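Peer 1: coords please:
(one chain, ligands or ions: 1)
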Amino acid sequence: MKTVRLPDGTPEGVVVPALGQGTWHMGERGSDRRAEAAALRLGLDLGMTLVDTAEMYADGGAEEVVAEAIAGRREEVFLVSKVYPHNAGGRKLEAACERSLKRLKVERIDLYLLHWRGSVPLADTVQAMRRMQQAGKIGLWGVSNLDVDDLEELGAALPDCAANQVLYNLSVRGPEFDLLPFCRRQGMALMAYTPVGQGDRPGSLLRQRAVQAVAARHGARPAQVAIAWTLRAPGVISIPKAADPAHVRDNAAAAALQLAPEDLAELDAAFPPPQRKRPLEML
Ligand code: NDP
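Peer 2: Predicted structure coming up:
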């Protein structure tokens, strides 16, 4: 499994798998929770040991599904959760983090992200994140849905920001123009969310001719091409969500899919790389 290094102030950093698992929409229906936790556990078995969740997902329900999935195997997992913007400062961040820890049934969240930017000043969020770090409640902190200008506002705190989680897939390549190079220069990981374009539906990314053609050449599935494409870029962590065990198996196998120069050229022709700055898109 390819790995990505997150900055933690040491020369080695924290090394995590480049392919993890998302959890958005998990925990929404009680009857699905057991199967969702089993899917996440299968993903852990297959090496996708970075798990991304958020207090927002199913109002904490996704964190509870994660708790069920990682019970008895906490040490294998690199756990990422996210705080709502309206909770992202002072005592509110502290309380939100404590609630997440309780739902996750863990002592520490490995990487805690500001979900998106709201009205709380970034400096207040950073201060609260650092307090939680000092208290041992979180390992690293980072952000999500922040573009270059927002990141620049972090100023002196920028080297401590471990990751920026953004919408990045074949059909949303804007971050390649400036955000991804900026994150690389800072040593910050870019976490690509929605890497398979939210699944196989009419008109979706996975139905595009170029993706299907490249998949056919490799005897692979379109989703594997979409994931392998995100993983081709150094410093990128990809977090597909899958509750279907067949999807989980396919996604894990995508880590071994090597796209050839002609594959990348065909994908570039169908999904041209950005030639100018595009505003950061978010879901
Ligand atoms: P994804 O691109 O991961 O798509 C998930 C959908 O694709 C699900 O319906 C899933 O189905 C389906 N799918 C997964 N694997 C396959 C496959 N191999 N073949 C066909 N279909 C497949 O979208 P998400 O928006 O969920 O993004 C991934 C994660 O990123 C989220 O779960 C969340 O953790 C994070 N995220 C963060 C955001 C942020 O603002 N920071 C915003 C959005 C996402 P099934 O479940 O049935 O297997």
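
Peer 1: Contact partners for residue 196?
Peer 2: Contacts for residue 196 (C-beta atoms under 8 Å, 6 or more residues apart in numbering) come out as 169, 205-206, 223, 226-227, 240, 251. Bear in mind the C-beta positions are built from the backbone N, C-alpha and C, glycine included.

Peer 1: residue contacts, the residue nearest to residue 33 when sequence neighbours are not counted?
Peer 2: Nearest residue to residue 33, sequence neighbours excluded (C-beta to C-beta, 6 or more residues apart in numbering): residue 65, at 5.3 Å. Going by C-beta under 8 Å, 6+ apart, residue 65 touches 23, 26-27, 33, 36-37, 40, 58.

Peer 1: now residue 65: how far from the ligand?
Peer 2: Per C-beta to the nearest ligand atom, to the nearest Å, residue 65 is found 11 Å from the ligand.

Peer 1: Quick check, pLDDT for that residue.
Peer 2: With respect to pLDDT, residue 65 has a value of 98.

Peer 1: how close does the residue in the chain that the ligand sits nearest to get to residue 246?
Peer 2: The chain approaches the ligand most closely through residue 22 (2.4 Å), counting by C-beta to the nearest ligand atom. Here the distance between residue 22 and residue 246 works out to 17 Å (C-beta to C-beta, to the nearest Å).

Peer 1: Of those two, give the one with the bigger neighbour count.
Peer 2: Per other C-beta atoms under 10 Å, whichever of residue 22 and residue 246 has more neighbours is residue 22, with 26 against 10.

Peer 1: tell me the contacts of the residue of the chain closest to the ligand?
Peer 2: With C-beta under 8 Å, 6+ apart, residue 22 has these contacts: 52, 193, 239-241.

Peer 1: Please point out which parts of stretch 151-166 sit buried.
Peer 2: By neighbour count with 16 or more other C-beta atoms under 10 Å, stretch 151-166 contains the buried residues 151, 154, 157-158, 160-166.

Peer 1: Stretch 190-204 close to the ligand?
Peer 2: Yes: against the ligand, stretch 190-204 shows contacts by C-beta under 6 Å from any ligand atom at 193-200.
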